[in-house]
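Asks: quick one, what's the 3D model for this:
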Amino acid sequence: MAQIVVLGAGLGGTIMAYELKDRLGEAHSVAVVSRGKEYSFVPSNPWVAVGWRDRGEVTVDLEPVFRKRNITLHPEGARRVHPAERRIELNDGQSVAYDYLVIATGPELAFDEIEGFGPARNSQSVCFIDHALAAKPAFDALVRNPGPVVVGAVQGASCFGPAYEFAFILEKALRDARVRDRVPMTFVTSEPYIGHLGLDGVGDTKGLLESEMREHHIKWICNARVDKVEADKVVVSEIAEDGAVRQVHEIASVYTMMIPAFRGVEAVRGIEGLTNPRGFILADKYQRNPAFPEIFSVGVCVAIPPVGKTPVPVGVPKTGFMIESMVTATAQNIARLLEGKAPNAIPTWNAVCLADFGDSGVAFVAQPQIPPRNVNWSSSGKWVHTAKVAFEKYFLHKMKSGTSEPYYEKLALQALGIGKLKAVVTTDAELE
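Replies: Below is the predicted model of the structure:
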């Protein structure tokens with residue numbers, strides 16, 4: 001019996017454990033190492049930050065679900081991965097051995113790379129559920145004492161959708177509170193243009209998002225390098241195409257929420273052959289690490305190069321459908337290895353994204369996520385908000401029930417009404 005360990009219990013890690021268990025059955029054991037017992041639906045965090053959701057509505061206790069599926073949970077969290085020894089050192093000093101390891105940790109948030117940045121300093125965050133809950137009292141204070149707001153994503157960020165979502169959700173919440181007229185809003189982003197999204201745009205995301213910004217009276221600054229975040233302002237250098245500073249902006253702000261740059265978590269960062277200099281996991285087309293072939297990786301922790309050179313560093317997002325394709329390919333490849341066969345499943349890395357704006361939104365489909373693409377589609381409307389709410393309910397049900405049924409492939413695209421994308425994975429034989 002082989003021991004397969006999944007490190008991380010976010011979106012990628014949880015469905016990874018479910019899919020491995022479905023595929024391998026009781027012939028092999030599956031364990032999950034996570035910091036805590038709770039799964040949190042991260043896409044709901046912008047709603048949590050303005051009080052539209054509470055913790056209980058967007059989290060799942062994984063312990064009873066895992067117990068039902070005969071998946072072992074180690075909630076102590078990982079201190080260090082030791083690839084040469086095929087073991088994970090836990091934070092309580094114990095170790096978990098593995099025959100195959102799937103790293104699905106998500107990122108560490110690099111707030112410390114900018115002076116005054118982060119929830120412990122002068123800005124809010126919607127990256128983690130605890131951050132979003134802490135942002136709610138700050139939102140309440142903003143309603144009581146309205147003032148200027150800055151929302152966006154800093155240099156090196158790779159997750160731009162939540163920044164746009166939060167800007168418009170905050171704008172809607174302020175309108176509902178009837179104080180929007182006293183809150184000037186500025187969107188500050190490292191993207192070279194509005195709607196770039198780390199993907200060089202998808203369909204007409206540039207036009208759609210610029211139009212939404214104008215309609216909602218949100219100003220913007222692109223190619224922005226955030227130099228400092230203070231309690232009452234954000235200092236930003238706008239960078240020209242040649243890398244020179246075009247203009248320095250001091251933007252008044254009594255409420256700042258910006259997506260940080262990501263890096264690999266401490267448990268894996270700096271392991272030669274496993275990670276890149278930023279701490280993200282190196283993987284081949286099968287999601288397998290070249291130096292340690294018994295290690296796979298899925299989700300935000302995977303190293304993906306940027307789509308092109310930009311004046312300010314911009315990363316590539318890992319969307320839900322893309323992560324599911326990584327998960328399915330990894331499960332198939334581990335199953336083949338256990339049967340004595342070579343891995344052959346390759347994730348398609350297609351992207352489906354719904355950016356909710358509180359009462360409307362923008363959706364896009366990219367096949368594949370990295371251009372050039374076979375499908376390059378975007379649209380907007382109130383239906384996006386309705387679809388996002390439905391997806392939240394469906395995905396939380398999926399986590400609670402412990403099913404590995406593909407989420408976006410079977411449901412999301414039906415709701416979008418544009419047909420079905422190519423299968424989640426392909427194989428070497430299909431590509432020949």
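Asks: what are the buried residues along stretch 254-266?
Replies: 254, 255, 256, 257, 258, 259, 260, 261, 262, 263, 264, 265 (16 or more other CB atoms under 10 Å). Quick note: C-beta positions are derived from backbone N, CA and C, even for glycine.
Asks: out of those, who's nearest residue 138?
Replies: The shortest gap between residue 138 and any of these belongs to residue 255, at 6.1 Å (CB to CB).
Asks: could I get the buried residues of stretch 254-266 as a markdown table with pLDDT, distance to residue 317 and secondary structure?
Replies: Listed next are those as a markdown table, based on pLDDT from 0 to 100; distance: CB to CB, whole Å; DSSP: H, G, I helix; E, B strand; the rest coil:
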| residue | pLDDT | distance to residue 317 | secondary structure |
| --- | --- | --- | --- |
| 254 | 98 | 29 | coil |
| 255 | 98 | 24 | strand |
| 256 | 98 | 21 | strand |
| 257 | 98 | 18 | strand |
| 258 | 98 | 16 | strand |
| 259 | 98 | 10 | strand |
| 260 | 98 | 14 | coil |
| 261 | 98 | 13 | coil |
| 262 | 98 | 10 | strand |
| 263 | 98 | 15 | strand |
| 264 | 98 | 16 | coil |
| 265 | 98 | 18 | coil |
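Asks: tell me which two in those are the farthest apart.
Replies: 254 and 264 (33.5 Å).
Asks: residue 349: which of the buried residues of stretch 254-266 is nearest?
Replies: Out of those, the member with the shortest distance to residue 349 (by CB to CB) is residue 262, at 18.0 Å.
Asks: okay, the residue nearest to the closest one when sequence neighbours are not counted: pLDDT?
Replies: Closest residue in space to residue 262, ignoring its immediate chain neighbours: residue 107 at 3.4 Å, by CB to CB, 6 or more residues apart in numbering. With respect to pLDDT, residue 107 has a value of 97.
Asks: roughly how far does residue 107 sit from residue 184?
Replies: When distance is defined by CB to CB, to the nearest Å, residue 107 is 31 Å away from residue 184.
Asks: which one of the two is surrounded by more residues?
Replies: residue 107 (23 against 17; other CB atoms under 10 Å).
Asks: that one touches residue 266, doesn't it?
Replies: No: counting by CB atoms under 8 Å, residue 107 does not reach residue 266; the two are 11.4 Å apart.
Asks: so what's residue 139 up against?
Replies: The contact partners of residue 139, by CB atoms under 8 Å, 6 or more residues apart in numbering, come to 49, 50, 51, 170, 173, 255.
Asks: ramachandran coordinates for it?
Replies: As for residue 139, its main-chain torsions (degrees, to the nearest 10) stand at phi -60, psi -40.
Asks: other SSEs contacting the helix or strand where residue 296 lies?
Replies: Here residue 296, judged by DSSP states H and E, is contained in strand 295-297. Strand 295-297 makes packing contacts with strand 100-103, helix 320-338 when contacts are defined by 3 or more CB pairs under 8 Å, 6 or more residues apart in numbering; DSSP states H and E.
Asks: now do it, average pLDDT.
Replies: For strand 295-297, the per-residue pLDDT averages 98.
Asks: and it, how far out from the chain's middle?
Replies: Taking CA atoms, centre = their mean, to the nearest Å, one finds the center of strand 295-297 at 18 Å from the center of the full chain.
Asks: so what touches that strand?
Replies: With CB under 8 Å, 6+ apart, strand 295-297 has contacts from 83, 100-104, 274, 281, 283, 286-289, 326, 330, 333-334.
Asks: ok so, going back, which pair in the contacts of residue 139 spans the largest distance?
Replies: 51 and 255 (14.3 Å).
Asks: in this protein, which spans are helices?
Replies: Secondary structure of the chain by DSSP state H: the helices cover 11-24, 45-49, 55-58, 62-69, 129-144, 161-176, 205-215, 320-338, 382-401, 407, 413-416, 428-431.
Asks: for those, give me CSV that also has mean pLDDT.
Replies: Below are the helices of the chain laid out as CSV (pLDDT from 0 to 100):
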stretch, mean pLDDT
helix 11-24, 95
helix 45-49, 98
helix 55-58, 97
helix 62-69, 96
helix 129-144, 98
helix 161-176, 98
helix 205-215, 97
helix 320-338, 94
helix 382-401, 87
helix 407, 52
helix 413-416, 51
helix 428-431, 64
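Asks: residue 235 is nearest to which of those helices?
Replies: Comparing those by CB to CB, helix 161-176 comes nearest, at 18.4 Å.
Asks: out of the contacts of residue 139, who's the most crowded?
Replies: residue 170 (27 neighbours).
Asks: ok, it touching residue 50?
Replies: Yes: under the criterion of CB under 8 Å, residue 170 makes contact with residue 50 at 6.3 Å.
Asks: for the residue lying closest to residue 276 once chain neighbours are set aside, what are its contacts?
Replies: In space, and not counting its chain neighbours, residue 276 is closest to residue 303: 4.6 Å by CB to CB, 6+ apart. Contacts for residue 303 (CB under 8 Å, 6+ apart) come out as 275, 276, 278, 280, 281, 282, 283.
Asks: ok, now how distant is residue 303 from residue 344?
Replies: Taken as CB to CB, the span from residue 303 to residue 344 is 22 Å.
Asks: same check, this time on residue 109
Replies: Taking CB to CB, one finds residue 109 at 36 Å from residue 344.
Asks: buried ones in stretch 330-344?
Replies: Residues 330, 331, 332, 333, 334, 335, 337, 338, 343, 344 are the ones in stretch 330-344 that count as buried (16+ other CB under 10 Å).
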